[in-house]
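Undergrad: Using only what follows, build the 3D model:
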Amino acid sequence: MGKAITVDPGISEVAIDPGIGYPDQIELEVLTTGTAPVGGLPVTLSSSSPAVTVPATYVVTAASVGGQIPGVVVHQVSKNTRVTISATLGGVTESASYVLVPPWNNRDSLTVYPENGPGPLYGLENYIGYYIALSNPAPASGLTADVALGDPSALQFSTPPPITLAPGQESEVFEVDVANVTAPVHTTISVTVDGVTAKTPMTIEPGLASFTLPATLSTGTTGATATGTITLAGPVDTATTVDLQSTWGILTVPLSVTVPAGKSSATFPISVVPVTTDSLVSIVATLGTSSLQSANIDATP
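TA: Numbering: from 1, shown residues only. Sure thing, here's the model as predicted:
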């Protein structure tokens, strides 16, 4: 009768992830290919750099498959530093590498940019997001960002500053609301962190103001057509596309209409299919994140 042979599990993975308080902390995880036997499995650990110190040994406890390693200490670095941590079990070594970065200081860079990409804002838009981005993670003390709006009459904060960046955080979003401007506004948003200032330009165009539509359309047996007008709060300095949508399929409008540069309105065609009873339908215009619904059009037989 043969003798049973027991094969202990090996290492399946060594992983390094940012920890709470990054860049001053990381999380090291060692997993095995199966559960550890009674008495556990001793894993030998080593680090390639004094920037990270690890325990000499980690014991995978019985009936477990390993997990996060306690006692890992990260020492702050002054430049990007690649660290490789190795785990050895049963003569087999697995490794993982990670690049430590120094915390942000006022010799590093700062940028601010719109969450939804370049392009104008429009009057009466709300909660428009802007990113504050650091080139390196915030230090253990955290950071405060001061934001200045170039034209406070055209922009207001959705949530008043200051904006804080927690330790390890590399970006944060703040939001602004747009006033009902009647002419284009060209301005900037400035962000200052520890004496470093970044700016982003912005254009605010007049937003949606009103519809001009027929109150009633008699469809007869062949349907009806008409012309509608969408009007903005003032003339725009670049061609501006307004999206259109009917609230009911009996009325059709184009998907969009363009207000030419220098103008404040544009016309668009309307068509209605024949109806057998009085039917109320309206049109919704969308510009940026704002929308405007028209008064009802009464489609009659």
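Undergrad: residue contacts, Val176?
TA: 128, 130, 149, 155-158, 189 (C-beta atoms under 8 Å, 6 or more residues apart in numbering). Quick note: C-beta positions are derived from backbone N, CA and C, even for glycine.
Undergrad: repeat that with 6 Å
TA: Residues in contact with Val176 (C-beta atoms under 6 Å, 6 or more residues apart in numbering) are 128, 155.
Undergrad: so it, which of the three states?
TA: strand (DSSP: H, G, I helix; E, B strand; the rest coil).
Undergrad: could you measure it against Thr159, distance?
TA: 9 Å (C-beta to C-beta, to the nearest Å).
Undergrad: again with Thr219
TA: For Thr219 relative to Thr159 (C-beta to C-beta), the value is 49 Å.
Undergrad: Those two: who's more crowded?
TA: Neighbours per residue, other C-beta atoms under 10 Å: of Thr219 and Thr159, the larger number sits with Thr219, 19 against 9.
Undergrad: Leu155 and Leu31, how far apart?
TA: 50 Å.
Undergrad: With neighbour numbers in mind, choose between the two.
TA: Leu155 (20 against 17).
Undergrad: what's the burial count for the nearest residue to Asp298 once chain neighbours are set aside?
TA: With sequence-adjacent residues excluded and distances taken as C-beta to C-beta, 6 or more residues apart in numbering, Asp298 is closest to Thr216, at 4.6 Å. The local packing of Thr216 (other C-beta under 10 Å) involves 12 other residues.
Undergrad: got it, and the one 10 residues further on?
TA: Residue neighbour count, defined by other C-beta under 10 Å, stands at 15 for Ala226.
Undergrad: Repeat that for Ala36.
TA: 21.
Undergrad: bridging residues for it?
TA: Ala62 (DSSP bridges).
Undergrad: Just to check, it is in contact with Ala62?
TA: Yes - assessed by C-beta atoms under 6 Å, Ala36 is found in contact with Ala62 at 5.4 Å.
Undergrad: coming back round to it: gap between the residue nearest to Asp298 and Thr231?
TA: 21 Å.
Undergrad: Which segments of the protein make up each domain?
TA: Domain ranges of the chain: 11-100, 110-205, 208-300, per automatic domain parsing.
Undergrad: Residues touching stretch 15-30, excluding its own?
TA: Taking C-beta under 6 Å, 6+ apart as the rule, stretch 15-30 contacts 14, 43, 66, 68-69, 72, 74, 87, 96, 98, 101, 103, 137, 140, 167-168.
Undergrad: Put the buried members of those residues into a ChimeraX selection.
TA: Burial among the contacts of stretch 15-30 is assessed by 16 or more other C-beta atoms under 10 Å; the matching ChimeraX selection reads:
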select :14,43,66,69,72,74,87,96,98,103,137,167,168
